[in-house]
Structure formats: structure tokens, C-alpha cells
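J.: sequence plus predicted model, see below.
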Amino acid sequence: MRPKHKVARVPEFRYVRYDEKRWHLLRKLRAKALEVMKKLSSCGYSPIIHGSVARGDVDESSDVDVVIPYTEPPSLVELCLERYGINVINKVLVKATPKSALRVVYELTPDGKVSVSLPLERLSPQELEFYKFGGELTLDELERDLRVPGVTKSLVLIVPVADGHMEAPVRGYEHYVAKVLGVSLSTVLERVKLLTRRDEVGRTGLFLKITLNHSEPVEEALRRLRRLE
């Protein structure tokens, strides 16, 4: 499978002004994120939203990726979603690389474009910074309609401004990007390496992806998977 986002080969510095269509789409996607995040918050969780919805540079292919960035019993998260009438369409176990934490992704729409993900293993400090690298917002920050800088899967730095955003290249400017995002240089270099590699080999790069039977508890699937290791 080819990656959806090609790495920018001729990156440039440029200003992008949003038209009303993009503002409308951003409001729509953020409203969906708020709906899910508020319900998770009511259950005592502290979710974040990351990616283009946090940065602002949305388009028709943008996903609403809500994350609980720490381990919790999956069965309790599912009960929370069920309590508030949020239907889970698919449960998917994913592992980005052999060294990455295993996660469960709850797809809330048939196309998988709205989801809640939960790590099943403790995230490393660098994995936590990956969310910040792409741009992340807490519920409080989203309610205040903030936008934050972050890097796209095409390795373009997005810096929000009042009427749109500024774009800058990442490769060759890794130190600057790390400073703007408030992450370690090692995180920037690792993401550049990973995303460039995915682009070159023409694959999405997921090490593991297993769609579970809808009735199978995640905890049972996890035990079954570990018996096979």
C-alpha cells in the first residue's frame, strides 16, 4: 500500500491563507473531536487530539484522531464509549514498529476517519513526543479554539497564523523545528528517518495491524497475541 502523504521533495517557505471552506471543515472536524473528548473526559480520562485538526491545515482526507496517551483498561474505555452512545465500528490492534507500544484503535465511523486510540503498553518519552511533533491539543485547549504548530506526514512544518498558516521545510532545519515544537532533536531526526523511509519503500510502515472480532475483548486478544510471541 502506498502512503497517503508523499514527503515534500522541494520544500519551501510559504504562507497559506484559509478560505471559508477550510474554516468550515476545521470547525466541523473540531466539533466531532470535542464531542468525543468531552465524553471521555466525563469518564475521568484526559484525551488529546493530534494532527491536522490540532494544527488547522485540514482537508477532505483529514482524520479525527483522539488519543488517551496512557494505559487504561480497554474494557473500561469501551464501557465509557457505550455509556454515551458512541458505537465502535471496528477494534484494531496496531504496532507501528517492532519497538513501538502496541495500541488499540477504536474506529467510530465505517471509514475509520474518526477514532479513539489507547496504548496497551507504556509509551516511551519519544513516543509521547511524537504526538507533539505532529501537533496536539488537550480538551481545554481545543475548547479555547487554539491551534498549534506541528509537522505533516509530508515533512512540512505548519505554524498557525491568524488567517491561515506558514509552512517551512523540516529536512535541513531539524534544530529549528525541534525548538519551535519544544521536542528533542532526536525525536525530529527519528520522525524524519521513519517518514522518509516509508515514502521511499512505498508502504504505510505499520509493523502489525489486526482487526479483532467485534465481540472479542481486547484483553483476551492481547493474551492470545502474547502467547504467540
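T.: Yep, that arrived.

J.: my read: Val16 touches Val161, true?
T.: No - counting by CB atoms under 8 Å, Val161 is not a contact partner of Val16; they are 9.0 Å apart. All C-beta atoms are positioned from the backbone trio N, CA, C, and that covers glycine.

J.: from Val36, how far off is Ile68?
T.: For Ile68, the distance to Val36 (CB to CB, to the nearest Å) stands at 11 Å.

J.: now Val105
T.: Distance, Val105 to Val36, by CB to CB: 13 Å.

J.: and Gly51, what does it touch?
T.: For Gly51, the residues meeting the contact criterion (CB atoms under 8 Å, 6 or more residues apart in numbering) are Ser62, Asp63, Asp65, Gly134, Gly135, Gly150.

J.: of the residues you listed, which belong to strands?
T.: Secondary structure defined by DSSP state E assigns Asp65, Gly150 of those to strands.

J.: buried ones from the contacts of Gly51, can you make that a PyMOL selection?
T.: This is the PyMOL syntax for the buried subset of the contacts of Gly51, where burial follows 16 or more other CB atoms under 10 Å:
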select buried, resi 62+63+65+134+135+150
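
J.: re earlier: what is in contact with Ile68 and Val36 at once?
T.: Contact criterion CB under 8 Å, 6+ apart; residues shared by Ile68 and Val36: Pro47, Val116.

J.: longest helix of this protein?
T.: Longest helix in the chain by number of residues, with DSSP state H as the criterion: helix 20-42.

J.: now do the helices in this protein.
T.: With DSSP H as the criterion, the chain has helices spanning 20-42, 52-55, 74-83, 125-134, 139-143, 174-181, 185-201, 218-228.

J.: about what we covered before: what's the overlap in contacts for Val105 and Val36?
T.: By the contact definition CB under 8 Å, 6+ apart, Val105 and Val36 are jointly contacted by Val116.

J.: from the contacts of Gly51, which is closest to Arg144?
T.: Distance from Arg144 was checked for each of the contacts of Gly51 by CB to CB. The minimum falls on Gly135, at 15.2 Å.

J.: need the contact list for the nearest residue to that closest one once chain neighbours are set aside.
T.: Leaving aside its sequence neighbours, Gly135 sits nearest to Gly150 (CB to CB, 6 or more residues apart in numbering; 2.4 Å). The contact partners of Gly150, taken as CB under 8 Å, 6+ apart, are His50, Gly51, Ala54, Arg55, Lys132, Phe133, Gly134, Gly135, Glu136, Leu157, Ile158, Leu181.

J.: quick check: the gap between the last one and Leu93.
T.: Put plainly, it is Leu181. Leu181 sits at a distance of 29 Å from Leu93 (criterion: CB to CB).

J.: low-confidence ranges in this protein?
T.: By pLDDT under 70, the low-scoring segments of the chain are 1-11, 199-205, 228-229.

J.: can you rerun that using 90?
T.: Applying pLDDT under 90 to the predicted model, the residue ranges of the chain that meet it are 1-13, 96-100, 194-209, 213-217, 219-229.

J.: ends of stretch 125-141, how far apart?
T.: Taking CA to CA, to the nearest Å, the first and last residues of stretch 125-141 lie 22 Å apart.
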